[in-house]
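>>> sequence and predicted structure, then a few things I'm wondering about:
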Amino acid sequence: MLLGAAAMLAAPARARRAMASMTDGPFYPPRAWREAWPDQDADLSRVRTGGRVLQARGEHLGLEIALVDTDGRAIDGADVEIWQCDALAAYRHPGVPAAGGRFDPGFQGFGATRSSAQGLARLRCIKPVPYPGRTPHIHVKLRHVNFGELSSQLFVAGEPGNARDFLWRGLAAPERDALEMQLQPAAAGSGLRWTAQHVLVLPA
């Protein structure tokens, strides 16, 4: 079960350092291309198309992000986007061939939502998987009048591939700590394998 904002923010302040800005990378899907998709909500684990609902491969993850400023105040009304590769290590991007059998048609690839009055954003995706040259990660882009636009990446705490990842190694220790997701087993019957609650700190 996902925690509420108060419980998340009352936990040890692992992420009181402002989120490190990172590149969008080569696979951020262009807006015009995304707008042609049949489905781009906050649930990346299902794709609705042609009257059918396809389920994503991989281990489904319920991700709850709390957005706060450096003074600990909740940031409401922020646009929150995430994107990641599917369980077959393929991104949804016009530069990636959508050949049958080489990508998961049940995985949305990109999702968007907006933070609540309590600064919370809830999304459903999959536990990230590695692809050649990169450790498992989820890209995140945030927009708000207070700080403009910022992009970063969320990593899996304890993932062995982190130490070999060039972007992970480029972060200072406090920056790594602020971007590590702690995955927990999901409750039985939730339809999820994992949950993660994470606080992201944005400039005031």
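Cool, the structure landed. Residues are numbered from 1 along each chain as shown.

>>> residues near Leu202, how many?
The local packing of Leu202 (other CB atoms under 10 Å) involves 19 other residues. Heads up, the C-betas are built off the backbone N, CA and C, glycines and all.

>>> grab the nearest non-local neighbour of it.
Using CB to CB, 6 or more residues apart in numbering and skipping residues adjacent in sequence, the residue nearest Leu202 is Phe147, 5.0 Å away.

>>> is it correct that Val199 falls within a strand?
Yes: according to DSSP: H, G, I helix; E, B strand; the rest coil, Val199 belongs to a strand.

>>> any idea of the pLDDT on it?
pLDDT, Val199: 96.

>>> next: Cys85.
On the pLDDT scale, Cys85 gets 97.

>>> quick one: contacts for the closest residue to it other than its chain neighbours?
Sequence neighbours aside, Tyr91 is the residue nearest to Cys85 in space, at 4.9 Å (criterion: CB to CB, 6+ apart). By CB atoms under 8 Å, 6 or more residues apart in numbering, the residues touching Tyr91 are 27, 29, 83-85, 109.

>>> report the buried residues of stretch 48-57.
54, 56-57 (16 or more other CB atoms under 10 Å).

>>> tell me how many other residues surround Leu44.
Here the count is done by other CB under 10 Å, and Leu44 has 29 residues near it.

>>> phi, psi for it please.
The phi/psi pair for Leu44 (degrees, to the nearest 10) reads phi -80, psi -10.

>>> do Arg176 as well
The phi/psi pair for Arg176 (degrees, to the nearest 10) is phi -60, psi -50.
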